[in-house]
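1. Build me a model:
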Amino acid sequence: MSGENNDFQYIVRLENLQLNYGKVEALKNIDFKVKKNEIVGLIGDNGAGKSSLIKVITGVEKPSSGRLFVRDQEISFKGHSVKKVHKLGIETVYQTSSLGEKQALWRNFFVGRQIKNRLGFIDVKQEKTIAQKMLLQKIGFRGVGITVDSTISELSGGERQGVAIGRAMYFDADLIILDEPTVALSLKEVAKVLNFVKGIKESGRACIFIEHNMSHVYDVCDRFVILDRGEVVNSFEKKEISFNQLNEYLLHLSTDKSERASIA
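-> The predicted model follows:
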């Protein structure tokens, strides 16, 4: 995997993070961490700050203040960018995966990061060989219906997420961030994606899993971090809380927030 330092506790750690958009505090005093080989469920209503937090981790946004550590080494926010974060071994799979609908599966694996031969041309044979290996070993596409030459438009929603996750795994991501990967999928397709998520952990990697469906979150995650109005309000290990207790906590949090809003 990415990074030479293997003697670390946390893949990523944020300390006292602040993100302001003008006078609006999008993130307030955020302390957040993900251990190696841990799946963390990031939970919160719309507007809770999940997207803002992910944008900071992935290099889309620079925070107003705070500290970022990757593999326990502090990373400067100077020059913070998506490209820099990729080099640190962090990849993101969004709910609308950035896959070329009309392009072959193998081309999608290497978009923007093609393998070149010594003459500077794309090494099609090597890219197809690697894509085939990922299909079988990491994604588990063993049916005759899907090959490296299949176009993305031929794949189901769950299979597309599998390709995007497999691509992140190929590029040696230690941390894969999944943003609502099961949205608008059938139950059968959801099961596929959840198996892909479990495969991330089995491969020794870590994952931040953002999802509104609590049964999906509880199924695959080791720990749950709850955001509310730009702040981390609680964190639970799976062994500390049952599925019903987690749902009850979130219901009370939502009710309290509604009551505070009505009083204000």
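2. Tell me how many other residues surround Lys102.
-> 8 (other Cβ atoms under 10 Å). From N, CA and C alone the C-beta is placed, and that goes for glycine too.
3. ok, now which ones touch it?
-> Thr151, Ile152, Ser153 (Cβ atoms under 8 Å, 6 or more residues apart in numbering).
4. Name only those of those that count as buried.
-> With burial judged by 16 or more other Cβ atoms under 10 Å, the buried subset of the contacts of Lys102 is Ile152.
5. Look at the residue nearest the centre of the chain and tell me its secondary structure.
-> Taking Cα atoms, centre = their mean, the centroid of the chain lies closest to Ile177, which sits 0.9 Å from it. Following DSSP: H, G, I helix; E, B strand; the rest coil, the label given to Ile177 is strand.
6. who's in contact with it?
-> Going by Cβ under 8 Å, 6+ apart, Ile177 touches Ile54, Ile57, Thr58, Ile90, Glu91, Thr92, Val93, Cys207, Ile208, Ile210.
7. Can you give me the buried ones in stretch 238-247?
-> Lys238, Ile241, Leu246.
8. Quick one: mean pLDDT for it?
-> The average pLDDT for stretch 238-247 rounds to 96.
9. same question, stretch 254-264
-> pLDDT averaged over stretch 254-264 gives 60.
10. likewise stretch 174-188?
-> So the average pLDDT for stretch 174-188 ends up being 88.
11. That stretch: which residues count as buried?
-> Neighbour counts using 16+ other Cβ under 10 Å place Asp174, Leu175, Ile176, Ile177, Leu178, Asp179, Glu180, Pro181, Thr182, Leu185 of stretch 174-188 among the buried residues.
12. surely the second one meets Gly204?
-> No - Leu175 is beyond contact range of Gly204, at 11.5 Å (criterion: Cβ atoms under 8 Å).
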